[in-house]
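A.B. asks: Could you look at this predicted model? Sequence included:
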Protein chains: 4
Amino acid sequence: MKSGLYETLERIAVTIESRKGGEAQKSYVAMLLAGDEDAILKKIGEEATETVLAAKGGDRLHLVREIADLWFHSMILLARHGLGPGDVLAELHRREGIPGLDEKAARKKK
Amino acid sequence: MKSGLYETLERIAVTIESRKGGEAQKSYVAMLLAGDEDAILKKIGEEATETVLAAKGGDRLHLVREIADLWFHSMILLARHGLGPGDVLAELHRREGIPGLDEKAARKKK
Amino acid sequence: MKSGLYETLERIAVTIESRKGGEAQKSYVAMLLAGDEDAILKKIGEEATETVLAAKGGDRLHLVREIADLWFHSMILLARHGLGPGDVLAELHRREGIPGLDEKAARKKK
Amino acid sequence: MKSGLYETLERIAVTIESRKGGEAQKSYVAMLLAGDEDAILKKIGEEATETVLAAKGGDRLHLVREIADLWFHSMILLARHGLGPGDVLAELHRREGIPGLDEKAARKKK
């Protein structure tokens, strides 16, 4: 991964935070932060379905864009709950320690 | 974000790659990499619904875990297509340049 | 449509109702009626994703089965809320009157 | 269920069929029948998420409307594949015979 990309998530999180209290008419993010939470939750559902369809379509660039949309809207949802991508990375990091990446499977079987 | 967390995504991507060709019986990731793609796509749909339900439930730790699941399974899907989280970050970074974070809204309106 | 099929939805609704208060260990329906509502809502999300994947797969029998699963689980959800398929049919019938079947589109545009 | 409601599904299916080859600009159904299948599949995903959110919201009328949307779009998808609600009812009827309504659970366990 190119140097600098790491910080992208954090910069985006900072920008999302800066939209809090902004004018919903001017900013898509401000609208999703301020309005009924169901609007951002519908977007999560939509982007997941679009990710599934992009994978079936086989266009890699399309797939990357849909997953970027999914992660971006996840970050808006996190911001609404006072959370950020660092919390997700910390959770993923926590799981690295256990039985490697397959902790999830193990957890599910319990 | 704590130093070191940045690299979590890359380390996880490397671990996912290392599971390619592994035994599906021993590794959840190897199973999702090797089997019918529909299995990982169903997981994307499931984790999105679980994210929605966790947000409605209001437990922040639960929400973080579900989004971590969603991102993790997204990375397995990316790996199946020869892609990784760096491609998603590059796409998010590309959007930063345009009209800030709200490029998506602008793109949708076209 | 063959005569008798019409009544299938009503018979299923009656059977679902009869499972209320039943033993969750013995009956899948009783379990979904009695437990945390999130369990049935996850099933709605899962069956929708499986419907999407079945359509992409192109196997018509598979598609019919997934939509049957989706409608069946919708009926369990309805029953949890004191509703049944007749309420859904009444709503669909109500829409027939307006600008034919395309009322939905008109409603969305308002 | 009131007499006459049974036939609603069949009437709707006939109306959907009549939209085949119609002008997409004039009819929402004609547009979903004629265009890229992904458009109707996205609707299935959206309506499922909206059903989940309506259930969490607790407004029964809202829930009925969302499930009506979900069933209606399922019928458009069926029509694209040369199928109709009678096929779904026949599948549900077939399952009635086996171990009652809980056949699905038994089938899943196999």
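C.D. replies: Now that the structure is in, tell me what you want to look at.
A.B. asks: Only C-alpha atoms from now on, for both contacts and neighbour counts.
C.D. replies: OK.
A.B. asks: what residues does chain A put near chain C?
C.D. replies: Counting by Cα under 8 Å from any Cα of the partner chain, chain A comes close to chain C at A:49, A:56.
A.B. asks: quick one, what contacts A:Glu47?
C.D. replies: By Cα atoms under 8 Å, 6 or more residues apart in numbering or on different chains, the contact list for A:Glu47 reads A:66-67, A:69-70.
A.B. asks: Which ChimeraX command selects the buried ones in the residues you listed?
C.D. replies: Those of the contacts of A:Glu47 that count as buried under 16 or more other Cα atoms under 10 Å in any protein chain shown are selected in ChimeraX with:
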select /A:66,67,69,70
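A.B. asks: Tabulate the contacts of A:Glu47 in TSV, adding columns for distance to chain B.
C.D. replies: Converted to TSV, these look like this (distance: Cα to the nearest Cα, whole Å):
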residue	distance to chain B
A:Glu66	9
A:Ile67	7
A:Asp69	8
A:Leu70	9
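A.B. asks: Among the contacts of A:Glu47, which lie within helices?
C.D. replies: A:66-67, A:69-70 (DSSP state H).
A.B. asks: pLDDT below threshold where in chain A?
C.D. replies: A:1-3, A:98-110 (pLDDT under 70).
A.B. asks: which residue ranges form the helices in chain A?
C.D. replies: A:6-18, A:28-34, A:37-57, A:60-80, A:85-97, A:103-109.
A.B. asks: circling back: the contacts of A:Glu47: which ones sit near chain D?
C.D. replies: Of these, not one also sits near chain D (Cα under 8 Å from any Cα).
A.B. asks: and of the contacts of A:Glu47, the nearest to chain D?
C.D. replies: A:Glu66 (12.9 Å; Cα to the nearest Cα).
A.B. asks: Spell out which parts of chain A neighbour chain D.
C.D. replies: A:38, A:42, A:45-46, A:49-50, A:53.
A.B. asks: got JSON lines for those residues, with distance to A:Glu10 and neighbour count too?
C.D. replies: Formatted as JSON lines, the entries for those read as follows, by distance: Cα to Cα, whole Å; neighbours: other Cα atoms under 10 Å in any protein chain shown:
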{"residue": "A:Asp38", "distance to A:Glu10": "25", "neighbour count": "18"}
{"residue": "A:Lys42", "distance to A:Glu10": "24", "neighbour count": "21"}
{"residue": "A:Gly45", "distance to A:Glu10": "24", "neighbour count": "28"}
{"residue": "A:Glu46", "distance to A:Glu10": "24", "neighbour count": "25"}
{"residue": "A:Thr49", "distance to A:Glu10": "26", "neighbour count": "29"}
{"residue": "A:Glu50", "distance to A:Glu10": "25", "neighbour count": "24"}
{"residue": "A:Leu53", "distance to A:Glu10": "28", "neighbour count": "23"}
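A.B. asks: Mind putting these into TSV with distance to D:Arg60?
C.D. replies: Shown next, in TSV, are those (distance: Cα to Cα, whole Å):
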residue	distance to D:Arg60
A:Asp38	17
A:Lys42	19
A:Gly45	21
A:Glu46	23
A:Thr49	26
A:Glu50	29
A:Leu53	31
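A.B. asks: out of the residues you listed, which one sits closest to B:Leu5?
C.D. replies: A:Gly45 (27.1 Å; Cα to Cα).
A.B. asks: tell me the contacts of the closest one?
C.D. replies: Per Cα under 8 Å, 6+ apart, neighbours of A:Gly45: B:45, B:48-49, B:52, D:45-46, D:49.
A.B. asks: Nearest to B:Leu89, out of those residues: which one, please.
C.D. replies: B:Ala48 (19.8 Å).
A.B. asks: what about A:Ser18, how many neighbours?
C.D. replies: A:Ser18 has 12 neighbours, counted by other Cα atoms under 10 Å in any protein chain shown.
A.B. asks: do you know how far it is from chain B?
C.D. replies: 11 Å (Cα to the nearest Cα, to the nearest Å).
A.B. asks: Repeat that for A:Leu83.
C.D. replies: Distance from A:Leu83 to chain B, by Cα to the nearest Cα: 8 Å.
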